[in-house]
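Peer 1: give me the fold of what follows.
(one chain, ligands or ions: 3)
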Amino acid sequence: MKPQLIEQFIALLGQSGVVTDAEARQAYCSDWLGKWQGATPVVLRPANTEQVSAAVRLCHTHNLPIVPQGGNTGMSGGAIPDTSGAQVVLSLERMKRIRAVDPINDTITVDAGVLLAQVQEAARDVDRLFPLSLGAEGSCTIGGNLATNAGGTAVLRYGNMRSLALGLEVVLVDGRIWDGLRGLRKDNTGFDLRDLFIGSEGSLGIITGAVLKLYPQQLGRCAAWVGSQTPEQLTALLAHLRSACGERLVAFEMLSDACLQLVLKHVDGAVAPLSSQTAYHALIELSDTRLADLAALLTESLGQGLEAGWIDDAVVASNETQAMQFWRLREGISQAQVRAGKAVKHDIALPISRLAAFISEADTLLGKQFPALQLLNFGHLGDGNLHYNVLLPWDVSAEDYHRYTAELNRAVHDLVMQHNGSISAEHGVGQLRRDEVRHYKSPVEMELMLSIKQALDPNQLLNPGKVL
Ligand code: FAD
Ligand code: MLT
Ligand code: ZN
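Peer 2: Ligands and ions are numbered 1, 2, ... in the order given. Below is the predicted model of the structure:
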């Protein structure tokens with residue numbers, strides 16, 4: 001990049017807003033999984049919306065492609081530039097302002113670079129709850145959560161990021177600012193632009209601010225760990241708990257025993273909650289705005305599950321520390337996978353009523369086609385979202401990894417489509433699933449998506465090579 005252009009960026013953003021040092025730039029060019037490695041001529045770090053707008057306008061004038069980046073915790077390589085060295089990384093990491101908290105409207109307005117955990121904390125400070133919750137919450141940003149339409153472990157009760165956002169502020173490719181920061185629960189004045197940008201992974205605009213919904217603080221919380229033999233039994237238990245516990249049911253997370261064993265081996269201090277041997281486990285959580293006796297309700301409901309034969313064993317956490325130990329096991333799966341080998345990850349959604357049939361068919365198919373590989377099946381059962389992953393050994397060659405990925409994707413994703421599911425539930429498309437999406441979407445869907453892209457980013461400057 002020409003030194004004069006760098007000088008212009010520095011004039012707009014200040015010295016601390018422009019990273020030119022080669023080593024420092026590289027930190028923005030690879031992901032935490034070590035899967036993608038790119039290059040960038042410069043990293044831009046604007047401190048506010050006006051600076052984002054000015055920097056994007058300059059990029060537009062010089063036809064420079066832009067890769068927006070939040071906390072860089074994404075799973076699909078969406079925030080990593082390609083290897084051409086031509087794509088500018090625009091990091092929102094300096095935009096950390098909580099702009100307003102309105103406990104009467106139950107909303108919080110924040111900069112896109114605010115960490116998810118900081119929003120949760122700001123909500124707690126006014127006796128409210130911001131319910132999005134996921135393993136990377138200490139490092140991922142609200143902008144990234146919106147751009148990927150993140151899910152996590154409380155979607156069952158509160159919905160995904162799309163349902164938690166009321167308004168957005170977005171910088172368009174030519175630098176114009178769309179101010180849609182309205183905290184309205186009803187607004188039917190035409191097309192829903194907000195929903196267009198949510199889940200678009202930086203390919204339609206750069207999200208700079210958001211109005212998010214708040215909920216009442218939950219004073220009571222109770223978690224349980226159960227052991228079961230089949231996913232079918234667990235989906236029956238889920239349906240029972242939905243009726244028995246109503247909207248107190250916040251989370252219903254499933255993991256196969258292979259996942260639990262991996263966590264026990266690779267995560268310090270992990271201890272199995274039950275001594276019985278079962279093929280599957282689930283972590284269940286209830287919460288309430290009052291200090292209600294949730295333990296009694298959960299114990300009674302799980303007792304009915306035992307009687308019905310859906311579960312073999314269960315333990316209700318006797319205190320918050322034990323509940324946190326359960327959650328550490330569940331949240332530890334990502335880390336354990338990274339330590340154990342190279343995973344071919346799937347992030348699929350299915351109607352809950354089809355989950356058990358899918359798992360049984362997929363296990364049989366993969367068992368025949370890839371008998372030597374280890375299946376790691378876990379996920380947000382309550383949302384019909386599975387991470388149906390396959391673990392390859394550490395020393396697998398790059399060539400074999402690519403071959404296995406292609407073959408496994410085809411086997412798993414074909415089956416997902418037969419069950420009327422989706423091949424990307426919460427991690428987005430990025431570069432990981434771009435070709436898979438193209439393979440499965442109908443021509444009409446692809447044409448609609450391409451027309452929207454053409455209308456908002458005719459020169460393909462926003463996150464090129466991602467999503468589409
Ligand atoms: P990045 O990784 O920086 O970016 C992700 C995408 O969004 C990229 O395409 C990027 O270009 C775009 N983007 C980022 N910021 C903006 C912006 N301001 N405007 C426009 N585009 C932007 N995800 C889940 O959904 N559920 C989980 O349960 C879950 N668990 C996880 C557990 C762990 C341990 C880890 C490491 C990750 C997990 N994730 C999960 C994935 C990840 O945390 C989420 O996708 C998160 O929403 C990404 O936020 P980020 O700020 O890190 O975004
Ligand atoms: C999770 O649910 O833990 C993550 O979304 C999945 C993963 O780490 O593969
Ligand atoms: Zn997940």
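
Peer 1: what's the helix or strand for L12?
Peer 2: helix 3-13 (DSSP states H and E).

Peer 1: list the buried ones in that helix?
Peer 2: L5, Q8, F9, L12, L13 (16 or more other Cβ atoms under 10 Å). All C-beta atoms are positioned from the backbone trio N, CA, C, and that covers glycine.

Peer 1: with pLDDT added, can I get those residues in JSON lines?
Peer 2: Compiled in JSON lines, the buried residues of helix 3-13 are given as follows (pLDDT from 0 to 100):
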{"residue": "L5", "pLDDT": "98"}
{"residue": "Q8", "pLDDT": "98"}
{"residue": "F9", "pLDDT": "98"}
{"residue": "L12", "pLDDT": "98"}
{"residue": "L13", "pLDDT": "98"}
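
Peer 1: tell me the one of those residues nearest ligand 1?
Peer 2: Proximity of the buried residues of helix 3-13 to ligand 1 (Cβ to the nearest ligand atom) peaks at L13, which lies at 15.9 Å.

Peer 1: tell me which element the closest residue to ligand 2 within the chain is part of?
Peer 2: Using Cβ to the nearest ligand atom, the single residue of the chain nearest to ligand 2 is S334, 3.3 Å away. According to DSSP H and E, S334 maps onto helix 320-340.

Peer 1: look up how far V52 lies from the residue most central in space within the chain.
Peer 2: Nearest to the mean C-alpha position of the chain, by Cα atoms, centre = their mean, lies A150 at 3.7 Å. Counting by Cβ to Cβ, to the nearest Å, the gap from A150 to V52 is 21 Å.

Peer 1: and what of S203?
Peer 2: To V52, S203 is 16 Å away according to Cβ to Cβ.

Peer 1: re earlier: quick one: mean pLDDT for the next helix or strand along the chain from the helix holding L12?
Peer 2: Once the chain leaves helix 3-13, the next helix or strand it forms, by DSSP H and E, is strand 18-19. In this model, strand 18-19 has a mean pLDDT of 98.

Peer 1: strand 18-19: partners in the sheet, and parallel or antiparallel?
Peer 2: According to DSSP bridges, strand 18-19 forms sheet pairs with strand 43-44 (antiparallel).

Peer 1: contacting residues around whatever helix or strand comes next after the partner strand?
Peer 2: The helix or strand immediately downstream of strand 43-44 is helix 49-61, counting by DSSP H and E. The contact list for helix 49-61 (Cβ atoms under 8 Å, 6 or more residues apart in numbering) reads 5, 8-9, 12-13, 17, 44, 46, 64-66, 88, 90, 92, 95, 169, 171-177, 206, 208-209, 461.

Peer 1: ok, stretch 315-335 next?
Peer 2: Residues contacting stretch 315-335 (Cβ under 8 Å, 6+ apart): 135, 153, 221-226, 253, 255, 259-260, 262-263, 266-267, 269-271, 273-274, 283, 285, 295, 298-299, 302, 376, 378, 387.

Peer 1: show me which residues of the stretch 101-250 of the chain are close to ligand 2?
Peer 2: By Cβ under 6 Å from any ligand atom, the residues of the stretch 101-250 of the chain that approach ligand 2 are G135.

Peer 1: got phi/psi on the residue of the stretch 301-450 of the chain at minimum distance from ligand 1?
Peer 2: Residue of the stretch 301-450 of the chain nearest ligand 1, by Cβ to the nearest ligand atom: E426 (3.5 Å). Dihedral pair for E426: phi -140, psi -10, per degrees, to the nearest 10.

Peer 1: check T40 too.
Peer 2: phi -140, psi 140.

Peer 1: for it, give me its contacts.
Peer 2: R25, Y28, C29, V67, P81, G85, Q87, V88, V89.

Peer 1: backbone phi and psi for the second one, please?
Peer 2: Meaning Y28. Dihedral angles for Y28 - degrees, to the nearest 10 - are phi -90, psi 0.

Peer 1: now do the contacts for it.
Peer 2: Counting by Cβ under 8 Å, 6+ apart, Y28 touches V19, T40, V43, Q69, N72, V89, S91.

Peer 1: relative to G190, which of the residues you listed is nearest.
Peer 2: G190 has its nearest neighbour among the contacts of Y28 in Q69, at 30.9 Å by Cβ to Cβ.

Peer 1: give the burial count for the closest one, as a bare number.
Peer 2: 29 (other Cβ atoms under 10 Å).

Peer 1: look at it and report its pLDDT.
Peer 2: So Q69 comes in at 98 (pLDDT).

Peer 1: likewise W394?
Peer 2: W394 carries a pLDDT value of 88.

Peer 1: you'd agree it is in a strand?
Peer 2: No: counting by DSSP: H, G, I helix; E, B strand; the rest coil, W394 falls outside a strand, being coil.

Peer 1: quick one: neighbours of it, just the number.
Peer 2: 9.

Peer 1: now do the phi/psi pair for it.
Peer 2: phi -60, psi -40.

Peer 1: same check on S91?
Peer 2: According to degrees, to the nearest 10, S91 has phi -90, psi 140.

Peer 1: same question, Y280
Peer 2: Phi and psi for Y280, reported as degrees, to the nearest 10, are phi -130, psi 160.

Peer 1: for it, which non-adjacent residue is closest in space?
Peer 2: Counting by Cβ to Cβ, 6 or more residues apart in numbering, Y280 lies nearest to S228, which is 4.9 Å off, once chain neighbours are set aside.

Peer 1: top of the contacts of Y28 by neighbour count?
Peer 2: Top of the contacts of Y28 by neighbour count (other Cβ under 10 Å): Q69, with 29 neighbours.

Peer 1: return the residues in contact with the spatially closest residue to that one that is not a sequence neighbour.
Peer 2: Nearest non-adjacent residue to Q69, counting by Cβ to Cβ, 6+ apart: A79, 4.2 Å away. Residues in contact with A79 (Cβ under 8 Å, 6+ apart) are D31, V67, P68, Q69, G70, N72, G144, G202, G430.

Peer 1: again, but for R194
Peer 2: R194 touches A165, L166, G167, L168, G180, counting by Cβ under 8 Å, 6+ apart.

Peer 1: can I get those residues in JSON lines including pLDDT, distance to T189 and secondary structure?
Peer 2: Shown next, in JSON lines, are those (pLDDT from 0 to 100; distance: Cβ to Cβ, whole Å; DSSP: H, G, I helix; E, B strand; the rest coil):
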{"residue": "A165", "pLDDT": "98", "distance to T189": "17", "secondary structure": "strand"}
{"residue": "L166", "pLDDT": "98", "distance to T189": "14", "secondary structure": "strand"}
{"residue": "G167", "pLDDT": "98", "distance to T189": "13", "secondary structure": "strand"}
{"residue": "L168", "pLDDT": "98", "distance to T189": "15", "secondary structure": "strand"}
{"residue": "G180", "pLDDT": "98", "distance to T189": "11", "secondary structure": "strand"}
